[in-house]
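Enquirer: need a structure here:
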Amino acid sequence: MADLASDVQAPVIVAEKESEVILPPPSPRNPVPPLPAALRIDNQEQLLQLLSTDPHAPSSVAASSSFRQLLVFGSESLRTLLLRQVLSDPHSRTFKGKKKNWDAYLSYPLPRGLSIVGTRVLSSSSSSSSSVPLSRQHEMAEDERAFVDIPAESWDSVMTQDVEVVTYFLRPSELLQTQQVAQRIRSWKKTFRTHHRLVYLPECSTMVHKMLNNLGLSSMPNVSVQTLQMDIFPLENDVLSLEYEDATREVDVEFTPSPIITSVARSILKLQDVVGKIPRIQGYGPMGEEVLRKLLNLTVDEYLSTRDRPEEEAGPVVGGDIAALVIMDRRADNVTPMLTPLTYEGLLDDVVGIDCGFIRVNVDTINPDDDAEKKAATAKETEERVVALGLNGSDTLYAEVRDQHVEKFGSFLQNQAKALQDTHANFTSRGKKKDLSEIHQFVKQIPVFTQNLRSLTNHIHLAELVKRSSEEATFRERWQLERSILEGELCYDQLDELVASQYPPLRLLRLLCLQSLCSNGIKSSRYDSIRRDIVQTYGYEYLFCLNNLEKAGLLSRREGLWMDSASPFNNLRKSLILINAEVNTVEPDDVSYVSSGYAPISVRLLQTAIKGWSGREEILREGPGRLVDITQQNPPEDLATAIKRPVSCSLGKMATNDELVVASSRGKKPVLMVFFVGGVTYMELAALRFLSKRPSFPYHIITVTTKVINGRTLIKSLG
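Expert: Sure, this is the predicted structure:
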């Protein structure tokens, strides 16, 4: 375990008296330490300020937390994000107890002084079965400083407890949430003086304002509408997310791309406020170009509206912590989300599901009872004990194992267990006497040893869960089918058999979309029969999902006698060398290890951009939209002007230019930011981290995304 302990990063600390932030040095896992630290502090301050402000009080009165309030969230994911990622930084969280390093599913650590009676999720069917009754809240450990979810049967009783403020956290894109809130407010007992505060993240749209007017909420004196300008959340030090779940649906199904374009552009402006202006920006695909256009327009507007502008030398932007930004449209690579990942983190997401950096599992999964009789006696009790376990880079073991291939991480964890055992055995052996300095050194290492042991125990049990899934015959058959489709085969008969066997519908739709994307659509005759069989087998509601998949371009009908070999994917497979069947998955030398031989298109595009596009322009013609490559200037320019100025060199050559990259003068690799508009997969994250650590790759990479997705969540968002 020594090799892991040596890479421990000092956490971000905010001193209570001096408000001083202590940052770790830059590293491949945290290339720009001020960036995630600044975002975490800003988000937390905004949320605490809102929760401690009484909406009854005049704006001139100082914030007070003496009022009782109930928190209601539009979705389970939003509650996890705000309470686990924003209010309590999971990267610096410590736990007490011999084995405990998780939270109860519905308990959340909070700063002291906030009078919160509990939380609810709108129309949450799962909450009632696993909530803690209000009468048992006093039994919870004091050090947790937690409040719990209110079960459905206690909702009416809470309404009679004279709750002064009900705060609703909502997304403006989810109009159904606003409708449900209106129903809640109308059903609230009129005899109590309760204020309803509707908080929209990151802003309240025009459509929401119209709906509030139509529902009569705008004219109610006890209803107020606020916004919480939290555009971006640091899930990891090298992974930032907008947590914008409906990007693909808004752009490709509802054809309303304006909100996501504006959100992404504003988030980039916020990032530039922390790290400085980014000299070089490339955009891939239609969304990449539109985001870049909006970003430059906002930059120009901000410049023109600033009266006291600092004197800057005209010319290209220089300096800053980020050397270049690549904005990647998800539509440039819709194939990768449909595939099964083979890394530890990717499989955890595929099998269990990672939401905002947390997984929810039964406590028996990570803390099994060795006593069979006791386990049987408490089976019913533990069945309902769901816990939330954080997965992030502050756990050095997880940071080391998360991007490893399924063929490696099992033996890696065994070796770590043996190393821990040997360390303990060497000290406790009776044959060797210890002097006081050795004893003192060992005692100092006990907290680290205990933390490593807890982490190792958790991940051994989680790895067993993942391995059991990956060793099933259905898993291997699915991977073989995916590989056959990637290599250009038409697998219509196999898809028909899966429908007939009532294969899990979302898994089936992923394979169907993969077949369509790789073969430039599905033959018209087979398309109609498969579509009919899906609706008859799984229900008419999947007809809407199929229609939305067509609108999004994930599923299409191929008419005429076009040859399968002419599909854009087949051309990209050859020109980008997407298939590498000889890759070493244990000691990889290529990003294709993440799926045992398939390299994500998005990552291959990035590798090509580093080398330069001269002589490779045919690759760009196979994708949606075009490549837009500009350098930011002082004073700022709009896209139409900036695009006329030719760029001087490729991203790879730029990495060695000391005039543009300040980081290179410190002996570190410069930093490249990759922004995925539409979501990024854990398969791609593993591949990007692999590149970032390679000595031959000229950049450290920070990944920014609208949401971390997989094929299941992508298709579900379109359903």
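Enquirer: what helix or strand is L554 located in?
Expert: Under the criterion DSSP states H and E, no helix or strand holds L554.
Enquirer: that one - nearest residue in space that isn't next to it in sequence?
Expert: Nearest residue to L554, sequence neighbours excluded (C-beta to C-beta, 6 or more residues apart in numbering): C513, at 4.4 Å. The way it works is simple: take the backbone N, C-alpha and C, and place the C-beta from them, glycine included.
Enquirer: residue contacts, that neighbour?
Expert: Contacts here follow C-beta atoms under 8 Å, 6 or more residues apart in numbering; on that basis C513 touches N334, M338, L549, L554, L555, G711, I715.
Enquirer: next, give me the two most distant ones among these.
Expert: L555 and G711 (12.6 Å; C-beta to C-beta).
Enquirer: which residues does stretch 283-303 contact?
Expert: Stretch 283-303 is contacted from outside by 251, 257, 260-262, 264-266, 268-269, 281-282, 309, 326-332, 605, 623-630, 632, 635-639, 642, 675, 677-678, using C-beta under 8 Å, 6+ apart.
Enquirer: dihedrals phi and psi, the closest residue to P33 other than its chain neighbours?
Expert: Distances taken as C-beta to C-beta, 6+ apart put L23 closest to P33, at 4.2 Å, once the chain neighbours are dropped. Backbone torsions for L23, taken as degrees, to the nearest 10, come to phi -110, psi 150.
Enquirer: I'd say L23 and L35 touch.
Expert: No: the criterion here is C-beta atoms under 8 Å, and L23 misses it with L35 at 10.1 Å.
Enquirer: who has more neighbours, the two?
Expert: L35 (23 against 17; other C-beta atoms under 10 Å).
Enquirer: and the more buried one, backbone torsions?
Expert: Per degrees, to the nearest 10, the backbone of L35 is at phi -70, psi -60.
Enquirer: which residues touch it?
Expert: Applying C-beta under 8 Å, 6+ apart to L35 gives the contacts P234, L240, L271, V274, V275, D321, I702.
Enquirer: just give the nearest non-adjacent residue to the fifth one, would you?
Expert: Leaving aside its chain neighbours, V275 sits nearest to D321 (4.0 Å; criterion: C-beta to C-beta, 6+ apart).
Enquirer: how much space between the one you found and V32?
Expert: Distance of D321 to V32, computed by C-beta to C-beta, to the nearest Å: 5 Å.
Enquirer: let me know the pLDDT of E245.
Expert: pLDDT, E245: 86.
Enquirer: any idea how far it is from V225?
Expert: 21 Å.
Enquirer: who has more neighbours out of those two?
Expert: The residue with more neighbours, out of E245 and V225, is E245; 21 against 18, by other C-beta under 10 Å.
Enquirer: which residue, neighbours along the chain excluded, lies closest to that one?
Expert: Nearest non-adjacent residue to E245, counting by C-beta to C-beta, 6+ apart: K707, 5.6 Å away.
Enquirer: hang on, V72 in a strand?
Expert: Yes: the assignment for V72, made by DSSP: H, G, I helix; E, B strand; the rest coil, places it in a strand.
Enquirer: follow-up on the earlier one: in helices, which of the contacts of C513 appear?
Expert: Residues of the contacts of C513 located in helices (DSSP state H): L549, G711, I715.
Enquirer: surely G488 meets N570?
Expert: Yes: here G488 reaches N570: they are 5.8 Å apart, a contact under C-beta under 8 Å.
Enquirer: more neighbours: which of these two?
Expert: N570 (20 against 15).
Enquirer: list the buried residues in the strand or helix carrying that one.
Expert: According to DSSP H and E, N570 maps onto helix 568-575. By 16 or more other C-beta atoms under 10 Å, the buried positions in helix 568-575 come out as F569, N570, L572, R573.
Enquirer: got a list of contacts for that helix?
Expert: By C-beta under 8 Å, 6+ apart, helix 568-575 touches 335, 486, 488, 517-520, 564, 578-579, 601, 616, 618-619, 622-623.
Enquirer: need the buried ones from those selected in PyMOL.
Expert: Those of the contacts of helix 568-575 that count as buried under 16+ other C-beta under 10 Å are selected in PyMOL with:
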select buried, resi 335+486+517+518+519+520+578+579+601+619+622+623
